[in-house]
Structures are given as C-alpha cells and as structure tokens.
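>>> sequence first, then the predicted structure:
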There are 2 protein chains.
Amino acid sequence: MKDSTPIASLGEFGLIDHLTKDITPVNSSTVKGVGDDCAVLEYNDRQVLVTTDMLMEGVHFDLTYVPLKHLGYKSAMVNISDIYAMNGTPRQMTVSIALSKRFSVEDMEEFYSGLQLACQRHGVDLVGGDTTSSLTGLAISITCIGECEKGKAVFRSGAGQNDLICVSGNLGAAYMGLQLLEREKAVFNSQPHNDGQPFSPDFSGKEYLLERQLKPEARGDIIKQLREAGIQPTAMMDISDGLSSELMHLCKQSGTGCSVYQERIPIDYQTAVMAEELGMDVYTCALNGGEDYELLFTVPLTDHDKVIGLKDVKLIGHMTRPELGRHLVTGSGQEIELKAQGWQSNL
Amino acid sequence: MKDSTPIASLGEFGLIDHLTKDITPVNSSTVKGVGDDCAVLEYNDRQVLVTTDMLMEGVHFDLTYVPLKHLGYKSAMVNISDIYAMNGTPRQMTVSIALSKRFSVEDMEEFYSGLQLACQRHGVDLVGGDTTSSLTGLAISITCIGECEKGKAVFRSGAGQNDLICVSGNLGAAYMGLQLLEREKAVFNSQPHNDGQPFSPDFSGKEYLLERQLKPEARGDIIKQLREAGIQPTAMMDISDGLSSELMHLCKQSGTGCSVYQERIPIDYQTAVMAEELGMDVYTCALNGGEDYELLFTVPLTDHDKVIGLKDVKLIGHMTRPELGRHLVTGSGQEIELKAQGWQSNL
C-alpha cells in the first residue's frame, strides 16, 4: 500500500523545499529560481512572453479518473502551448497550488513529477510559486514565461485576407478521450461495488484518445519546423477551445472572414471510430471539442509551397474579406456559417 | 439597491473584455497586454523579477468583512510588495480568478477597481489573466513582474555578520486590525438579527488598524529613499509572515545569527492600545503577527549614518556570527531565542 504522509508534517515551507530540492535550472535566462521573494530572469535583447492559466477541481479536471501525475503534466503543457502559440520558446514556470487536507505529500510528489516531466521535455525551469491550503478542492495556477526574438512574436491579429489557414496534428481526439473517460465513469458508478471484482474499464484500442485527453503535447516541434522552413506565420493561436471558436477569434482580431473545408480537417481514425460508437458527428467533435492543443496558424499565399512540405501540418482553408463571413464548406460544396460552441465555460 | 448582473450574461470572454476595456499600458516594457495567448514584454538590459501568490476564500480572506474592492487592492499590493522586496520596480501583473455563481458582474467590477487602483498607484500594467469558474469559493492567483538593474537585485542571502537590521513603518498593526474585525464579526454573529437595528461595528479610533489590515501599502517609497541615499541593502524581504519568521529566513539564508532589540521594534500607538484591550503582549503581536508588508533589510555597518537619515525606517538590531544564535534582547537585557510562530498556515 502506498504511503500517505500528511502535509502538516512538513509544513508549507518544508513542502516547497521538499518538492523543489532537485530542481536545477537549465536556461541561462534563469538567474535565480525558487527560494526568494521573486525569481530573477535575464532576457537581454529578447522579448519576454507571459501566460497564465487557472485550473479548478470539478471544473477543469475530475480526480476520479485523472491521475495527479497526468494532471501535473497537462497543467504545465497547456501553458507551454500558449508560449509556442506566440512563436516563442518556453523558459520558466511558476506554479501555485491550493490543496485541502485530503492530499498527502505523496500526492504532491506525483503532481510535481508530472509537472517536471513536461518542463524537462520543453526545457522549462520551475522558478517559483506558492503552496497554500484550500477549504475544498484543488486549485492550480500556472504562469509560464518564454522568449522570442524581437518582432517575431505572432499575434492573433495579423492574418491577411488571402492567407492560408493551417492546423497541426488532428482534431477532436482529446474530446473523444474525455467522452470515453466519462462513459467508463458512468459504468463504474452504476455497478455494485462490493462484488469483489476489480473494475476494468474498457479502453482497448482507444489508448490514443486517452493520451490526447490526459497527456497532451504542446507543439514545439511545429514551431521548430516553421523556423527551419523560414516561415513566419501571420497569425497563430493554440486550439484549446475548439477549432471553430479559435477561427472566430482569428477572424475577429484580424478583421477577416474565412472559408474552411470540412474534408480537409484532420481527424484520426480512432476519433472517427469513437464518434461513430457514440452516435456523434465527427466533424462537430473536431470543430467544437476542446483541449487538442494543436496550433492554428495562417501564412501568406506566397508560403504555400513551403507550408505543404511541413510534417504533420494540414492546409484547411483560407482567410477571406470580412464581408464574406466565416464559413465551413462541406463536401457537397454547401457553406455553413461557423459557430463558436466552443468548450463550454461553467460561468 | 445595487444591480446584480449574472456573469453568464456576458460569458467568460465578455467578462474579461468588460473588465479590461479601459486598461491602457503605461510602461514602455509592455509591448502587448491583454488579448492574446501571451503578454509580450521588452526588458532589454534589465533583469526581470517574477513573483506569484494565490489567495483562497476562507483561508486568506473572509468576505463577510472584506469588501471586494479592498480584496482586489490587497491582492495586487502583496505581489507588488514582493517586487520591492527584491529592490525592483513593479511593471506588469496577470490576474486569474475562479468564481462561483454567487458572484455578479458588479462584484467583479468592484474587485477589479481595487486591483487597478493599486496598479495605478505603483505604475503597474494589467497584461493578462484567466477568468474561470469555481464550484465553491473565490480563488485568486496573481503574478507580478518587475524590473531591476543588473546586479542590483537584493536577495535574502546576502547579509553579512555585522550588518545592521532595519525595518520600515511599524509592526503588528495589520494583525490587530484582523483581531478587531474578528471580534466585531463574533459580536455580530451572537446578536439577534431581526431587531430592525442595523449593526454598527465599533471601529472608532481604530481606523488605522483596519486600514493596515484591509488596505496595506507596499513600500515603494522606502526603495526610492534607499536609491536616493545610495544605499544598496545586503539582504531584504517583505514582512508578510511576521518579523520573527522573516528574521529566521534572513539568518538561515545568509548564514548568520542576529540580535534584535525589543524596545527598538516600531509599534504604533493604536496597536499598543488594541493589544492592551485584548490582553495580548504587544511585542508578541509585532513579532508574530503577519501581513504588515513592511520591508526588513540589512545594510553594512558603514552605511549607518546614511540609514539613520531615512524617513520611517528604524534600526532594530544587527546580524551576528551564526553560532551566537538568533535573539531578541529585552529591555532588561535578557536574551530570548527567536521562534518563528509566523502567520499560521492551515496546511
């Protein structure tokens, strides 16, 4: 059986010391990390990027099926993804957690091990944070800091009226992973629990969907490819709320319309199978399911030949004059107005 | 009667737009504020300071007596204070809030008005954040970013063995303010509430204590004085957990002992009166009461004449060799070992 050390036995400062004792900064921009009133960073002639996200138990994650290590990994990754979405390189992170008495030192070790794995993969230094108590659930707040060459940051507002629209990877898989977890949770809850049989959720053949939901990967590899190919996107953002919603943001902030071709939206085979199983329209899932953390970006028409050579990037449409509206073009040529159903906020 | 607009009527993005629409950055280091995946900052040859704090309802604040405007002000101020505590200048802030359905748009306007007032007073730009929902109470996470000339950041670890120990302002007042609020809350709760008489808490003559608790001021003025006087402190931190606890941090990280003279600890008249009223030892309150947000710093002996000329700064003792221990010297010359009772964490 797993040990469970009460956090009170270490105290707040002891817990922070314990969790951060093995952290050695890898970036030259990290002058001073954990352990003082502030972290000290040095960026010289680079621009500094800052993003922050807050994750609340019961709203953003459900600990009945999300292991704490995965939660740590994902919490870090969604912030790292925002730095890439500006065409930047992630460098530092601060992590604040508020936790109730039901969490142990070992729980926090799990959470931090996931967090640090994500940071290591993307060369990010953990430089500070806050650990405190919560009367109820777990609350997590992460701030990620990155850098970018002056003038190279890519905003949501820079797309031109004829720019090509590209996405990385495939869409809808994380949403299908969530549906799968929710389905198995419902099965579990409806079964009698005292039959002596351990519960075996049926995830076979669907591991990819689970991974996309529980362990998303920020697309630093795409940013690297773009640089190597000499492509400077005109606008970019990561897809956290669903393609449809993000396209609306790009169009609104860039002052354009858009046409996106349904058949060009990249969808994984497992996503399609799962949608079929659940009787859902797979394009609806790809357009409105959230948490894919793929990159959505636009490039000038003149970069067409460069962009089609990129690995794991798909051209899905183009920007238009704003008065033409924002449309999804179906296989039969029908134009449907895009709606941002998005990832429902509980507010 | 006050309006109460449900947040759902604006939605998450609408709420952020509404709350941030009047924000105009004042710092040249703010290249891009609210509205994209990241804020973009430019610091050139300066070092970047980053600090973060998380505040949870029921743990860090009690909305039965803390108005939301004050909460916003204080939340910003405690982070600004950390930047000053590094000898820096605060410049940007990100704010994340998770709120439950009982909060209205007007509540958030109140919170933001306090936050922005604090930011304006200290020249800080609000550059981003996250607004989301909470199943229970209010959670606030703030990250403050500042700057500092290279090599001028002051850490906790730099104090020498004979350095003089200084504090700004006076201590224990914020703690007495909290006691006062808690006392009036208890009186309120013990009274029958249907007698038609509005409850009038008895705060007369104690406004200063309330202000210290509800509306603390980060000591940027002291940092300014230090610069003007040509004093570079050897170690510094702000007093958030109580003088005793902070002295222990400085000694531990600097590898020194210390002697602090009880009679030199600055205490306001109202703090002393309130302690008397409550039958508490005023020095215990000044040593262990938290949230004063005064600055504690050390300077070399050679700066003695400069430091005694500073306004609202008091010399309270000196660092010693580590083997001499950490002591409070009473009026009668008795040496008492310092203990970090601190500001009790609920962990």
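Now that the structure is in, tell me what you want to look at.

>>> pLDDT at A:L19, what is it?
The model reports A:L19 with a pLDDT of 87.

>>> number of nearby residues for it?
Using other C-beta atoms under 10 Å in any protein chain shown, A:L19 has 24 neighbouring residues. The C-beta positions use only the backbone N, C-alpha and C, and glycine is treated the same way.

>>> phi, psi of it?
phi -80, psi -20 (degrees, to the nearest 10).

>>> chain neighbours aside, what residue packs nearest to it?
A:Y112 (4.8 Å; C-beta to C-beta, 6 or more residues apart in numbering or on different chains).

>>> same question for A:G177.
Closest to A:G177 by C-beta to C-beta, 6+ apart is A:Q213, at 2.9 Å.

>>> that neighbour against A:E182, yeah?
No. Under the criterion of C-beta atoms under 8 Å, A:Q213 makes no contact with A:E182, lying 10.1 Å away.

>>> out of those two, which sits in the busier spot?
Neighbours of A:Q213 and A:E182, each counted by other C-beta under 10 Å, are more numerous for A:Q213; the result is 24 against 12.

>>> confidence score at A:D195?
59.

>>> can you give me the helices for the stretch 51-200 of chain A?
In the stretch 51-200 of chain A, the segments counted as helices under DSSP state H, counting those that start in this stretch are A:68-84, A:105-121, A:173-190.

>>> can you put those helices in CSV and add mean pLDDT and distance to B:V187?
Listed next are the helices of the stretch 51-200 of chain A as CSV, based on pLDDT from 0 to 100; distance: least, C-beta to C-beta, whole Å:
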stretch, mean pLDDT, distance to B:V187
helix A:68-84, 97, 43
helix A:105-121, 95, 40
helix A:173-190, 91, 46
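
>>> which of those is buried the deepest?
helix A:68-84 (a mean of 25; mean count of other C-beta atoms under 10 Å in any protein chain shown).

>>> now the angle from it to helix A:105-121?
Angle, helix A:68-84 to helix A:105-121, by axes from the mean of the first three to the mean of the last three C-alpha atoms, to 10 degrees: 30 degrees.

>>> so is helix A:68-84 next to chain B?
Yes. Contact of helix A:68-84 with chain B (C-beta under 8 Å from any C-beta of the partner chain) involves A:D82, A:I83.

>>> would you mind measuring from A:V124 to A:P25?
Per C-beta to C-beta, to the nearest Å, A:V124 is found 10 Å from A:P25.

>>> those two: who's more crowded?
Ranked by neighbour count (other C-beta under 10 Å), A:V124 and A:P25 place A:V124 first, with 27 against 18.

>>> show me the contacts for the more buried one.
A:N27, A:A76, A:I80, A:P90, A:R91, A:Q92, A:M93, A:A118, A:C144 (C-beta atoms under 8 Å, 6 or more residues apart in numbering or on different chains).

>>> quick check, the residue in chain A closest to chain B?
Nearest residue of chain A to chain B (C-beta to the nearest C-beta) works out as A:S141 at 3.4 Å.

>>> do I have it right that that residue meets B:T52?
Yes. Contact criterion C-beta under 8 Å: A:S141 and B:T52 qualify, at 7.4 Å.

>>> which SS state does A:S4 fall under?
coil (DSSP: H, G, I helix; E, B strand; the rest coil).

>>> using PDB, list the CA coordinates for stretch A:212-230.
Extracted C-alpha coordinates of stretch A:212-230, given in PDB (Å, rounded to 0.1, in the frame of the first residue of the first chain):
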ATOM      1  CA  ARG A 212      -4.700  13.000 -26.100                       C
ATOM      2  CA  GLN A 213      -7.000  13.900 -23.200                       C
ATOM      3  CA  LEU A 214      -4.700  13.100 -20.300                       C
ATOM      4  CA  LYS A 215      -1.300  13.800 -21.700                       C
ATOM      5  CA  PRO A 216      -1.500  16.500 -24.400                       C
ATOM      6  CA  GLU A 217       1.700  17.600 -26.100                       C
ATOM      7  CA  ALA A 218       2.500  21.200 -26.900                       C
ATOM      8  CA  ARG A 219       3.600  21.500 -30.500                       C
ATOM      9  CA  GLY A 220       7.100  22.900 -30.100                       C
ATOM     10  CA  ASP A 221       8.100  20.600 -33.000                       C
ATOM     11  CA  ILE A 222       5.900  22.600 -35.300                       C
ATOM     12  CA  ILE A 223       7.400  25.900 -34.200                       C
ATOM     13  CA  LYS A 224      10.900  24.400 -34.900                       C
ATOM     14  CA  GLN A 225       9.800  23.300 -38.400                       C
ATOM     15  CA  LEU A 226       8.300  26.700 -39.200                       C
ATOM     16  CA  ARG A 227      11.600  28.300 -38.200                       C
ATOM     17  CA  GLU A 228      13.700  25.900 -40.200                       C
ATOM     18  CA  ALA A 229      11.500  26.400 -43.200                       C
ATOM     19  CA  GLY A 230      11.800  30.200 -42.900                       C
END
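
>>> pretty sure A:P6 contacts A:F103?
No. The pair A:P6 and A:F103 does not pass the contact test of C-beta under 8 Å, sitting 9.4 Å apart.

>>> which one's more surrounded, the two?
A count of neighbours by other C-beta under 10 Å puts A:F103 above the other of A:P6 and A:F103, at 22 against 11.

>>> can you count the residues close to the spatially closest residue to A:V78 that is not a sequence neighbour?
Distances taken as C-beta to C-beta, 6+ apart place A:D53 nearest to A:V78, at 5.8 Å, with adjacent residues excluded. Applying other C-beta under 10 Å, we find 23 residues neighbouring A:D53.

>>> can you check the pLDDT for A:D53?
Looking at A:D53, the pLDDT reads 94.

>>> quick one: low-confidence ranges for chain A?
For chain A, residues meeting the criterion pLDDT under 70 lie at A:1-2, A:192-199, A:340-347.

>>> would you map the strands across chain A?
With DSSP state E as the criterion, chain A has strands at A:30-32, A:39-42, A:46-56, A:89-99, A:125-133, A:139-149, A:164-168, A:235-239, A:257-261, A:294-299, A:313-320, A:326-329, A:335-337.

>>> can I get those strands in CSV with distance to B:D268?
Converted to CSV, the strands of chain A look like this (distance: least, C-beta to C-beta, whole Å):
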stretch, distance to B:D268
strand A:30-32, 34
strand A:39-42, 34
strand A:46-56, 37
strand A:89-99, 32
strand A:125-133, 28
strand A:139-149, 34
strand A:164-168, 60
strand A:235-239, 51
strand A:257-261, 63
strand A:294-299, 56
strand A:313-320, 63
strand A:326-329, 61
strand A:335-337, 65
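
>>> hang on, the earlier thing: which residues touch the residue nearest to the residue of chain A closest to chain B when sequence neighbours are not counted?
Spatial nearest neighbour of A:S141, chain neighbours left out: B:S141 (3.4 Å); criterion: C-beta to C-beta, 6+ apart. With contacts defined as C-beta under 8 Å, 6+ apart, B:S141 is in contact with A:52, A:54, A:96, A:130, A:139, A:141, B:52-55, B:95-97.
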